[in-house]
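Asker: just a sequence and a predicted model for now, questions to come.
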Amino acid sequence: MNFEEVTRNGGTSLLKNLLRAILVLVTGYMTWSFLQTMMGPDGLIVAALGLVAFEGGMVFWEKYYNDTALSNQQVLISGCMILIDLTGVALAFVGEVILNRPDVVFPEWLPLISLIGTVVVIIANVAAFIGVSVFDPMRSMQRVDRQTALARMMAELKIKSSTAAQLMADSDQLAIEVAPGRSRAAVEELRRQYNVVATHVNGSEPLPPFGTTQTPGVAAKSTPKRP
């Protein structure tokens, strides 16, 4: 692509954007004038919100449709919002043109219909923002990552809980196995500490160590040898 083609394409793009900006400004003025007339002096806030929803929404959703939408739901929502906002702009433009005719008297129900339509378009834009956020694939991936992390945490929690329960169950058996030896060692240590020695009972053999059983042996009587 040579310099001439670049210049020609750049000039076309600039002219297109300039013409588009002028048209949006014109329709924006018409929308504001129509809504201001319909809402009256007490409804300027609703009229301003309507202008943002109509012209601003039309421009934004077109940009979102072309450059940002990824999922089918996002494409559908943004496409529908382009049509809704464009319809509102067109109706407001036509209404303002008709009202500018001196021989036209608008019906009594027109302000109410305009108010309801404006509120519906504003709510539709809010709902569309929520919709494209809910159906954002990047948000879905983040949600799956959070769920995966939660699943790992729950698995580790179950493993640790099961380990603790098994350890509590095995501790009883371990205590039964360890306690006798520990007890004997403690008693022997106390005997050494207080210089306690095993004693004879009624001339019998010394008492066995604490915690053990032993059948005392019967001493054999000595018999004198015959000459």
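Answerer: Arrived safely. Quantities reported herein were computed from a predicted structural model and do not represent experimental measurements.

Asker: helix or strand: which one has residue 166?
Answerer: Assigning secondary structure by DSSP states H and E places residue 166 in helix 137-193.

Asker: packing partners of that helix?
Answerer: Contacting helix 137-193 under the criterion 3 or more C-beta pairs under 8 Å, 6 or more residues apart in numbering; DSSP states H and E is no other helix or strand. For every residue, glycine as well, the C-beta is placed using N, CA and C.

Asker: how far does it sit from its chain's centre?
Answerer: Mean C-alpha position of helix 137-193 versus that of the full chain (C-alpha atoms, centre = their mean, to the nearest Å) differs by 31 Å.

Asker: ok, now stretch 113-133?
Answerer: Counting by C-alpha atoms, centre = their mean, stretch 113-133 comes out at 26 Å from the chain centroid.

Asker: what sits up against that stretch?
Answerer: Contacts to stretch 113-133, defined as C-beta atoms under 8 Å, 6 or more residues apart in numbering, come from residues 34-35, 38-39, 43, 46-47, 49-50, 53-54, 57, 61, 64, 69, 73-74, 77-78, 80-81, 84-85, 88, 91, 95, 139.

Asker: next, name the residue at the spatial heart of the protein.
Answerer: Nearest residue to the geometric centre of the chain (C-alpha atoms, centre = their mean): residue 143, 6.0 Å.

Asker: what's the distance between that one and residue 75?
Answerer: 20 Å (C-beta to C-beta, to the nearest Å).

Asker: tell me what the lowest-mean-pLDDT helix or strand in the chain is packed against?
Answerer: Ranked by mean pLDDT, DSSP states H and E, the weakest helix or strand in the chain is helix 3-39, scoring a mean of 81. Where contact means 3+ C-beta pairs under 8 Å, 6+ apart, helix 3-39 is packed against helix 44-51, helix 72-99, helix 110-134.

Asker: as a markdown table, these with mean neighbour count, distance to residue 170 and mean pLDDT would be great.
Answerer: As requested, the helices and strands packed on helix 3-39 are arranged in a markdown table below (neighbours: other C-beta atoms under 10 Å; distance: least, C-beta to C-beta, whole Å; pLDDT from 0 to 100):
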| stretch | mean neighbour count | distance to residue 170 | mean pLDDT |
| --- | --- | --- | --- |
| helix 44-51 | 18 | 69 | 89 |
| helix 72-99 | 18 | 54 | 92 |
| helix 110-134 | 16 | 50 | 92 |
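
Asker: all good on my end, thank you.
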